[in-house]
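Colleague: Sequence plus the predicted model coming up.
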Amino acid sequence: MSEFANEGSIWAARFTGAVAGAGVSLIYMLPHTHREAASRFLTGLACGVIFGGPVGLWIVQRLGIAGGLSSQEIMLTGSAAASLCAWWGLGVMVRVAERYAARPKP
């Protein structure tokens with residue numbers, strides 16, 4: 001993982017993947033307000049940048065294609081996947097929290 005550390009092209013792939021994943025998450029489920037769109041986009045961007053490397057490595061190892069991809073491709077894939085999945089995971093947690101908050105207390 002140390003080869004991902006300081007290369008400019010890796011950072012570009014990380015950021016590009018995070019933006020792409022956040023954009024796709026907005027397209028799949030359109031936000032109701034500008035504030036919701038901004039928070040979803042920034043959440044996806046942050047998760048894609050932070051978790052792009054580990055997620056990319058996990059994906060290529062699970063698929064068995066690590067030898068055929070460059071480090072930029074791995075980072076791009078991982079950042080996009082982490083960014084997209086971050087919002088879906090948070091969405092599930094919000095729905096569960098809303099369901100429990102709406103229950104009447106005995």
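Modeller: Great, that's in hand.
Colleague: List the contacts of residue 43.
Modeller: 22, 86, 87, 90 (C-beta atoms under 8 Å, 6 or more residues apart in numbering). Bear in mind the C-beta positions are built from the backbone N, C-alpha and C, glycine included.
Colleague: Phi first, then psi, for residue 70.
Modeller: Main-chain dihedrals, residue 70, degrees, to the nearest 10: phi -80, psi 170.
Colleague: Count the neighbours of it for me.
Modeller: 11 (other C-beta atoms under 10 Å).
Colleague: could you say which helix or strand contains residue 81?
Modeller: helix 71-102 (DSSP states H and E).
Colleague: Can you lay out the contacts of residue 43 as TSV showing neighbour count and distance to residue 15?
Modeller: Shown next, in TSV, are those (neighbours: other C-beta atoms under 10 Å; distance: C-beta to C-beta, whole Å):
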residue	neighbour count	distance to residue 15
22	26	11
86	24	15
87	22	17
90	16	20
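Colleague: What is the most widely separated pair among those?
Modeller: Between any two of those, the greatest separation by C-beta to C-beta is 12.1 Å, found for 22 and 90.
Colleague: Relative to residue 48, how far out is residue 20?
Modeller: Residue 20 is 8 Å from residue 48, where distance means C-beta to C-beta, to the nearest Å.
Colleague: neighbour-wise, which of these two wins?
Modeller: The neighbour comparison of residue 20 against residue 48 (other C-beta under 10 Å) goes to residue 48, with 31 against 18.
Colleague: Was I right to think the more buried one contacts residue 13?
Modeller: No - between residue 48 and residue 13 there is no contact under C-beta atoms under 8 Å: 10.6 Å.
Colleague: For the least confident helix or strand in the chain by mean pLDDT, enumerate the helices and strands it packs against.
Modeller: Of all helical and strand segments in the chain, the minimum by mean pLDDT, DSSP states H and E falls on helix 71-102, at a mean of 85. If you count contacts as 3 or more C-beta pairs under 8 Å, 6 or more residues apart in numbering; DSSP states H and E, helix 71-102 packs onto helix 8-28, helix 34-63.
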